[in-house]
Every structure is written in C-alpha cells, then in structure tokens.
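Q: could you look at this predicted model? Sequence included:
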Amino acid sequence: MRNEVDIIKTYSEAAQLNGQTLDNAIKKIENVRSDIIRTSQIQAKETVKSELSEPLAEFNKHADKFWKDSIQIINALDQQVENNKWKHTFTLTISAAIIIAGLFAAFFVWLPSFDEIKQRRAEIEYLTPKVEELRAKYNADFQTCDGKACVREETKGCYGSKSTGVYEL
C-alpha cells in the first residue's frame, strides 16, 4: 500500500507541477496577448498619425490661408463701408430733400390759393340765387348724373328726353 500511496503522491506532485507550469504558461500567454494588443495599438496610432499627418498639415495650411483671406476681405469691406459712408449719407440726404421739395411743390400746385378759394366762394354766392331762381321758376331739380351736372325739369314744351325728364347741361 505504501507503494500505491507513493505513486499517488508522485502523481499528485506531478499534477501540481503541471498545474503550476500550466498556470505559468497561461500567464505568459496573457502577457504576450497584452503585449501584442499594446504593440498593435501603438502601431495603429503611429500608422494613423503618419498617414494623417500630411493631409492634416495640408488642411491646416488651407484653413490658415482661408482665415487670413477672410480677415483681409472683412477689413477691405469695412474700409469700403467707411469710405462710402459719406457718399451714402449725402445721397440719402439729397434724395430726402428732393422728395420733401416735391411734396411741397405738389401741395402748392394742386391746392387752390386763398384768392382762388375766395373767387370760387364768390362764384357760388353769385350762382346760388340764380340756381334757386331757376328751380322755382321751372321746377328744376339739379343733380349729378354719372359725374356730370344734370337738371330734371318739367318736360312740357321743352326739348330733350321726355321719358326720363333729365337733360344734360
């Protein structure tokens, strides 16, 4: 029995050694795997960096040129606005003065003067009794027909349209 125990013990020790060796091998494999992943990541970063460095530098160069050109354009436009400010102000002032002068001229041309108003009132005062006299004498009815002066009167012995009794003046 001693022999069997020794064999089992030997197998047990061998299994422990094999287990430790196996554990060591697994740890080494894990370390190698980690090293491979880390190396792959570093290589990928370097590859991406080397592949993109030239296009990125070109892009940065174009972006810098764009911003410099934009600044020059903005400064030129700002200078143009500053130079043309007085021209625009003068043009707007003259235009406003012409429009206001035109309105005043229209106001005085189309509105009657005080003398014309007095003359028209005098004409109305003169014609009002005459119209009333005609109304009374001929039984006339003065109206406005389609924008024209019309009179309605007795049609007996008169010339005109007897059916309507309306005659244009």
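A: Received the coordinates, thanks.
Q: tell me, how many residues neighbour residue 105?
A: 10 (other Cβ atoms under 10 Å). Where C-beta positions appear, they are placed from N, C-alpha and C, glycine not excepted.
Q: return the alpha-carbon coordinates of stretch 110-126 using CSV.
A: Extracted in CSV, the C-alpha atoms of stretch 110-126 (Å, rounded to 0.1, in the frame of the first residue of the first chain):
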residue,chain,number,x,y,z
TRP,A,110,-52.7,121.2,-56.6
LEU,A,111,-54.2,123.1,-53.7
PRO,A,112,-56.0,126.3,-54.5
SER,A,113,-54.7,129.6,-53.2
PHE,A,114,-56.7,131.8,-50.8
ASP,A,115,-57.5,134.1,-53.8
GLU,A,116,-58.8,131.1,-55.8
ILE,A,117,-60.9,130.0,-52.8
LYS,A,118,-62.3,133.5,-52.4
GLN,A,119,-63.1,133.6,-56.1
ARG,A,120,-64.9,130.2,-56.0
ARG,A,121,-66.9,131.2,-53.0
ALA,A,122,-67.9,134.4,-54.7
GLU,A,123,-69.0,132.4,-57.8
ILE,A,124,-71.0,130.1,-55.5
GLU,A,125,-72.6,133.1,-53.8
TYR,A,126,-73.4,134.6,-57.2
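Q: show me what counts as buried in that stretch.
A: With burial defined by 16 or more other Cβ atoms under 10 Å, not one residue of stretch 110-126 is counted as buried.
Q: again with stretch 131-148
A: residue 140.
Q: tell me the first helix or strand C-terminal of the longest helix seen in the chain.
A: Ranked by number of residues, the top helix in the chain under DSSP state H is helix 2-110. Once helix 2-110 ends, the next helix or strand along the chain (criterion: DSSP states H and E) is helix 114-138.
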